[in-house]
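> Prediction below, plus the sequence it came from.
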Amino acid sequence: MRTIVALPGDGIGKVVLPESIRLLEAAEFKANYLYGDIGWDFWRKEGDALPQRTIDLIAEHKLALFGAITSKSNIEAEKELEPFLKEKGLVYFSPIVELRQHFNLDICIRPCISFKGNPLNFIRKSSNGSYEEPFVNAVIFRQNTEGLYAGVEWTNPSKQIREALDTHPKMKAFSHVPSEEMAISTRIVTKKASERIIRAAFEYAKKFGYKNVTLCEKPNVLRETSGMMLKIAKEIATEYPNIPLWDTNIDALMMWLTKNPEDYRVIVAENMFGDIISDGFAGLVGGLGFACSANIGEEVAVFEPTHGSAPKYEKLEPSIVNPIAMFLSACMMLDHIGEQETASKIRNAIAKVIEEGKVCSYDMLKLRGGSDVFEKGAASTQQITDAVISKL
Ligand code: IPM
Ligand code: MN
């Protein structure tokens, strides 16, 4: 039997992850779940949001389902530490970003696909005044380990850093700025990682019959990093003569997003741009309650909904949160391990529940989150799981 590391994390992660396991079990997917420690509680009590024992567990079993994580600013993070851990120079890093980098989960896949009948689907006014609901079917490939997320950054850069930077002629514009008044984040892009994410995007397009691949960068300004990605994309595209490569700037894509989202299929981008694009497209198909993702490396893979931990909803009993993003992430895990049949069984069941429209989470009813959503017709998290299970 397969072993899956279950990492609920913080807040609503502790609600949606167990619900997804209940669904997987109902779909007769047989696995053994080992729970791993990750998140804010472990930061507070141990000064480490991603303890070594959790890294070891994932390294051993290579497959993880992840719920959600709370991130706070450095100042707040320090404040919440247990007294004996304070003033030790501990620095909080987002454990999900650390997981991606530690296991080199460099391929992030984020499908944003409309469900028929979802009241949150994007609609657009057509020229005759009627409304149309374009079918969005975009899959974002986000480089998941480097770029602006590499973490190579400084506040008050040292003399050595300043000297190195001063070798660049554009630093002249900052020569009068004292280091204490300066913060720097680098955007590091490598050839190998770019090749891997771009090739993964083309392979996916080929495998699933998507008609184009768009590189979404900004090579007219970020001449080096985006420029390198564009050059590599053009080279790789020659190996896929039937899949045209489109090249759209990130700002332009954000504008096209609500004009013709249905034209975009597979989109590939650097880490931060991929983060932005995937939220943008998620908004067109129901928002974070529907946004799933896969973080895939050569050995390890971690599947997670892209929503946060929503701590304000954690304590609501029964829970109001929409578990569908977590369910869809679990389906991506099933696809990854060759259990496509079970994955489509679950996806079809979700689609039926949404299309029927009888059982809706509060976000689908466009309600403000709170304990009063039930009297306004919203279903609880558990009721949504039950509804999906009943359609399996
Ligand atoms: C995501 C999230 C994370 C990210 C945060 C929580 C660090 O926004 O998975 O998209 O920026 O990657
Ligand atoms: Mn994000």
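Sure, I can see it. Numbers count the residues shown, from 1 in each chain. Ligands and ions are numbered 1, 2, ... in the order given.
> Residue 43 against residue 81, yeah?
Yes: the criterion here is CB atoms under 8 Å, and residue 43 meets it with residue 81 at 7.3 Å. Glycine gets a C-beta too; all of them are placed from N, C-alpha and C.
> Those two: who's more crowded?
Using other CB atoms under 10 Å, the more surrounded residue of residue 43 and residue 81 is residue 43, with 27 against 18.
> Mind pulling up the pLDDT for the more buried one?
pLDDT, residue 43: 96.
> three-state assignment of it?
When classified by DSSP: H, G, I helix; E, B strand; the rest coil, residue 43 comes out as helix.
> any idea what sits nearest it, other than its immediate chain neighbours?
Among residues not flanking residue 43 along the chain, residue 49 sits closest, at 4.2 Å (CB to CB, 6 or more residues apart in numbering).
> Over to residue 348?
Nearest in space to residue 348, with sequence neighbours left out and distances taken as CB to CB, 6+ apart, is residue 391 at 7.5 Å.
> so that neighbour makes contact with residue 349?
Yes: Residue 391 is within contact range of residue 349, at 3.8 Å (criterion: CB under 8 Å).
> Who has more neighbours out of the two?
Neighbour count, other CB under 10 Å: between residue 391 and residue 349, residue 349 has more, with 20 against 15.
> Okay, and that one sits in which element?
Following DSSP states H and E, one finds residue 349 within helix 340-356.
> and that helix, what other elements does it pack with?
The elements that helix 340-356 packs onto, with contact taken as 3 or more CB pairs under 8 Å, 6 or more residues apart in numbering; DSSP states H and E, are helix 13-26, helix 324-336, helix 381-390.
> Give the rounded mean pLDDT of the longest one.
If I follow you right, that is helix 13-26. Across helix 13-26, pLDDT averages out at 98.
> again, but for stretch 95-112
In this model, stretch 95-112 has a mean pLDDT of 97.
> Show me how far it is from its chain's centre.
Here stretch 95-112 is found 8 Å from its chain centre; the criterion is CA atoms, centre = their mean, to the nearest Å.
> Report whether it contacts ligand 1.
Yes: residues of stretch 95-112 are located near ligand 1 by CB under 6 Å from any ligand atom, namely 96-97.
> By mean pLDDT, flag the weakest helix or strand of the protein.
Using mean pLDDT, DSSP states H and E, the weakest-scoring helix or strand in the chain turns out to be helix 311-314, at a mean of 90.
> in it, what counts as buried?
Within helix 311-314, the residues that count as buried by 16 or more other CB atoms under 10 Å are 313-314.
> start at 104 instead
All right, first residue 104 from here; so that's helix 414-417.
> what about it and ligand 1, touching?
No: Helix 414-417 stays clear of ligand 1 (CB under 6 Å from any ligand atom), getting no nearer than 13.3 Å.
> Check stretch 427-447 too.
No: using CB under 6 Å from any ligand atom, stretch 427-447 stays clear of ligand 1, with a minimum separation of 11.1 Å.
> so who does the residue nearest the centre of the chain touch?
Closest residue to the average C-alpha location of the chain: residue 409 at 4.0 Å, with CA atoms, centre = their mean. Residues near residue 409 by CB atoms under 8 Å, 6 or more residues apart in numbering: 213, 381-382, 385, 391, 394-396, 428.
> Check residue 140 too.
Applying CB under 8 Å, 6+ apart to residue 140 gives the contacts 154, 156-157.
> and it, which of the three is it?
coil.
> Roughly how far does it sit from ligand 1?
From residue 140 over to ligand 1 the distance is 18 Å, taken as CB to the nearest ligand atom, to the nearest Å.
> before we move on, what about residue 314?
Per CB to the nearest ligand atom, residue 314 is found 26 Å from ligand 1.
> where exactly do the strands run in the stretch 304-453 of the chain?
Along the stretch 304-453 of the chain, counting by DSSP state E, counting those that start in this stretch, strands occupy 316-320, 348-352, 369-372, 395-399, 404-408.
> ok, and the closest non-adjacent residue to the residue of the chain found nearest ligand 1?
When scored by CB to the nearest ligand atom, the chain has residue 197 as its residue closest to ligand 1, at 4.2 Å. Nearest residue to residue 197 in three dimensions, chain neighbours excluded: residue 174, at 5.1 Å (CB to CB, 6+ apart).
> mind listing what that neighbour touches?
Residue 174 makes contacts with 195, 197, 411, as judged by CB under 8 Å, 6+ apart.
> what does the stretch 354-495 of the chain have sitting close to ligand 1?
So far as CB under 6 Å from any ligand atom goes, the stretch 354-495 of the chain lies against ligand 1 at 378, 409.
> Verify the stated contact: residue 200 with residue 252.
Yes: counting by CB under 8 Å, residue 252 is a contact partner of residue 200 at 6.1 Å.
> Tell me the one among the contacts of residue 409 nearest to residue 290.
Nearest to residue 290 among the contacts of residue 409 is residue 381, at 18.1 Å by CB to CB.
> And the helices in the stretch 104-253 of the chain?
Assigned by DSSP state H, counting those that start in this stretch, the helices in the stretch 104-253 of the chain fall at 116-129, 143-149, 155-164, 177-183, 198-205.
> on contacts alone, who are the packing partners of the fourth one?
When you say that, I think you mean helix 177-183. helix 143-149.
> again, only this time at 7 Å
Contact here means 3 or more CB pairs under 7 Å, 6 or more residues apart in numbering; DSSP states H and E; on that basis helix 177-183 packs against no helix or strand.
> List the buried residues in that helix.
180-181.
> is any part of it close to ligand 1?
No: judged by CB under 6 Å from any ligand atom, helix 177-183 makes no contact with ligand 1; its nearest approach is 13.5 Å.
> Could you list the residues in contact with that helix?
Helix 177-183 has contacts (CB atoms under 7 Å, 6 or more residues apart in numbering) with 146-147, 189, 194-195.
> Good, wrapping up.
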